[in-house]
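> Just to be clear, the model below is a prediction. Sequence and coordinates:
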Amino acid sequence: MINKTMAQTVLNLGLATGADFAEIYIEENNGTSLSLDNGKIEEIGSSLSYGAGIRLLNKLQSVYGYTNDVSLKGLSKLAESLSKSYKGPQTVTVKEIEKVRVSKHHQSEIPLVGVSKTDKIALIKEIGQVISDYDPRIVRAQVMFSNSHKIVTIFNSDGKEFHDERSRARMYLLAVASENGQIETSGEGPGAQAGLEFFTQGVDFKKKAKEVAEAAVKMLSADECPSGKMPVVIGNGFGGVIFHEACGHALEATSVAKKLSVFTDKLGTQIANPIITAIDDGTIENGWGSGNIDDEGHVTAKNVLIENGILKSYLIDDFNGRRMNMKGNGASRRQNYRYEPTSRMSNTYIANGTSTPEEIIAATKFGLYAKSMGGGSVNPATGDFNFAVSEAYMIRDGKIAEPVKGATLIGNGADILHKIDMVANDLERAQGMCGSVSGSIPVDVGQPTIRVSEITVGGRGGAL
């Protein structure tokens, strides 16, 4: 690990040819992973990575490189190589570096680095058995467990040093059901910045195991979903993936600054039904996507993106903020030292409304209840999306009716924000991994149960 004097030397080498800002990001990451398939441990893995990235900025230009050689010699060589991208005199000099105090949140009560693999294996075997025992039609019960401990140090040419530690853990449950040649799957993956206590006390994983098994079995008897435009009630928790993908990415400065977002230059305007408030909150205690600081050293924040339908803010990193004449707001993130940071979501959700889920279903004479969402695709420039529904039911006369399979939701993010006409009070968050230009990062998505007054539903069950 380099000290302040060494960092000062490296930063000034990077600044020598005209860069107006330099940054060193150093990271050590220890991780373990376990995979259980039908009661048998299929994989046990450990990983250790250590490296650094250097970023040099000059107005609206950026160069980035990384190395596993975190010695003074290795970092100096990288800084000198990157500095050749610029051809001007040195205008910024680092004369001293001050360590900035970083508040410590998201602490583990029982750190997983001290828990043996034997105990972790016993834990996932117990959960896997719950899935297997649920029904004879469950033909595969898979449980994947992972945890990591990351130590981060950041030095920059503003004369600042930041130090942070981040511990995350997650368990993903997958159930596969089969009957008469038909196969259905269901999965869920709760995670947090926490230790063993999250798996033994924070979440009822036995209950989660039964729920994923039940969903897979239920879908075996489902008919194909009909197609057409109809009201759709989207369940809480992972249902928030639609807002995340179709709207959230379009609110990141990564796209807004380059005018590649449908929400560019829309601050202060109504972009959603007034019943919609949407938030990205990187401060949620022990949240999967939370942090003490972002990857530029800014303290994470609770950023209200949309308030009562009005666009209030974007997610901003310092570099893209230069184009927007705005400062970073704690939203700069990256997968690891191999990636240059940029604006990304953390824990993004639609806030609670005033209805109950039961009231929303009762108010819907006919439509689709999308209880659980699957994967999908979105064009961030236009907001057009296509999402699969993993567990769905028809709504008839204000009641949840028969299960249906093969449903997809097709629409536009900017359009759907205006068509959300009911929001329940049962907010839940769910965990996932989000991929973008700065790599794959842990994020929460979330929402209460909501109703979209009309959306195109795709299915092979015939037109309405």
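Yep, it's here.

> which residues sit against whichever strand or helix holds residue 255?
Per DSSP states H and E: residue 255 is located in helix 253-256. Helix 253-256 has contacts (C-beta atoms under 8 Å, 6 or more residues apart in numbering) with 249-250, 261, 263-264, 314-317, 320-321, 323-324, 326, 331, 342-344, 380-381, 436-437. To be clear about C-beta, it is placed using only N, CA and C from the backbone, and glycine gets the same treatment.

> so what does the helix or strand encompassing residue 242 touch, helix or strand wise?
In the assignment (DSSP H and E), residue 242 maps to helix 241-243. Where contact means 3 or more C-beta pairs under 8 Å, 6 or more residues apart in numbering; DSSP states H and E, helix 241-243 is packed against strand 347-350, strand 366-378, strand 384-396, helix 413-419, strand 439-447.

> looking at those, which is closest to residue 54?
Each of those has some distance to residue 54 by C-beta to C-beta; the shortest is strand 439-447, at 16.8 Å.

> circling back: can you say which of the helices and strands packed on helix 241-243 is packed in most?
Using mean count of other C-beta atoms under 10 Å, the stretch among the helices and strands packed on helix 241-243 with the greatest mean number of neighbours is strand 347-350 (a mean of 28).

> Now do that one: which elements does it pack against?
helix 241-243, strand 278-281, strand 439-447.

> Kindly reformat these as CSV containing distance to residue 290 and mean pLDDT.
Below are these laid out as CSV (distance: least, C-beta to C-beta, whole Å; pLDDT from 0 to 100):
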stretch, distance to residue 290, mean pLDDT
helix 241-243, 18, 94
strand 278-281, 8, 98
strand 439-447, 8, 98
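
> Ok, which of those comes nearest residue 297?
When these are compared for distance to residue 297 using C-beta to C-beta, the nearest one is strand 439-447, at 16.8 Å.

> I'd like the helices and strands packed on strand 347-350 written out as CSV, with distance to residue 199 added.
Formatted as CSV, the helices and strands packed on strand 347-350 follow (distance: least, C-beta to C-beta, whole Å):
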stretch, distance to residue 199
helix 241-243, 23
strand 278-281, 23
strand 439-447, 16
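
> So which of those is nearest residue 367?
Of those, nearest to residue 367 by C-beta to C-beta is helix 241-243, at 15.8 Å.

> rewinding a little: list the contacts of the helix holding residue 242.
Residues contacting helix 241-243 (C-beta under 8 Å, 6+ apart): 234, 278, 348-350, 373, 376, 385, 387, 409, 413, 416, 430, 432, 445, 447.

> buried stuff in that helix?
Buried residues in helix 241-243, counted by 16 or more other C-beta atoms under 10 Å: 241, 242, 243.

> Enumerate the positions of the helix holding residue 255 that are buried.
253, 254, 255, 256.

> Then stretch 447-464?
Neighbour count says stretch 447-464 has 447, 448, 449, 450, 451, 452, 453, 455, 457, 458, 459, 461 buried, by 16+ other C-beta under 10 Å.

> could you dump it to CSV, C-alpha only?
Output of stretch 447-464 as CSV, limited to C-alpha atoms (Å, rounded to 0.1, in the frame of the first residue of the first chain):
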residue,chain,number,x,y,z
GLN,A,447,-41.3,-0.5,-5.2
PRO,A,448,-44.7,-1.0,-3.6
THR,A,449,-47.4,-2.8,-5.6
ILE,A,450,-48.4,-0.4,-8.5
ARG,A,451,-50.9,-0.4,-11.3
VAL,A,452,-50.2,0.7,-14.8
SER,A,453,-53.5,1.8,-16.4
GLU,A,454,-52.5,0.3,-19.8
ILE,A,455,-49.5,-1.5,-21.2
THR,A,456,-48.9,-3.9,-24.0
VAL,A,457,-48.7,-7.5,-22.8
GLY,A,458,-47.1,-10.1,-25.1
GLY,A,459,-48.1,-13.7,-24.9
ARG,A,460,-48.9,-16.8,-26.9
GLY,A,461,-52.3,-17.3,-25.5
GLY,A,462,-54.1,-15.4,-28.3
ALA,A,463,-55.2,-11.9,-28.7
LEU,A,464,-57.8,-10.4,-26.3
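
> re the thing from before, export the buried residues of helix 253-256 to JSON lines and tack on pLDDT and distance to residue 3?
Converted to JSON lines, the buried residues of helix 253-256 look like this (pLDDT from 0 to 100; distance: C-beta to C-beta, whole Å):
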{"residue": "253", "pLDDT": "98", "distance to residue 3": "33"}
{"residue": "254", "pLDDT": "96", "distance to residue 3": "33"}
{"residue": "255", "pLDDT": "95", "distance to residue 3": "38"}
{"residue": "256", "pLDDT": "97", "distance to residue 3": "38"}
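
> Quick check: the gap between residue 193 and residue 280.
With the distance defined as C-beta to C-beta, to the nearest Å, residue 193 ends up 16 Å from residue 280.

> picking up where we left off before, using pLDDT, spot the least trustworthy of the contacts of helix 241-243.
Scanning those for pLDDT, the low point is residue 376. It has 83.

> So that residue sits against residue 387, correct?
Yes: in this structure, residue 376 is within contact of residue 387 by C-beta atoms under 8 Å, at 3.3 Å.

> shared neighbours of those two, which are they?
Common neighbours of residue 376 and residue 387 are listed as 241, 242, 245, 408, 409 (criterion: C-beta under 8 Å, 6+ apart).

> Just give the number of residues close to residue 427.
Using other C-beta atoms under 10 Å, residue 427 is surrounded by 18 other residues.

> can I assume it is in contact with residue 352?
Yes: in this structure residue 427 lies within contact range of residue 352 using C-beta under 8 Å: 4.7 Å.

> Can you tell me which of the shared contacts of residue 376 and residue 387 lies closest to residue 96?
residue 245 (44.0 Å).

> what's the closest non-adjacent residue to the closest one?
residue 378 (4.6 Å; C-beta to C-beta, 6 or more residues apart in numbering).
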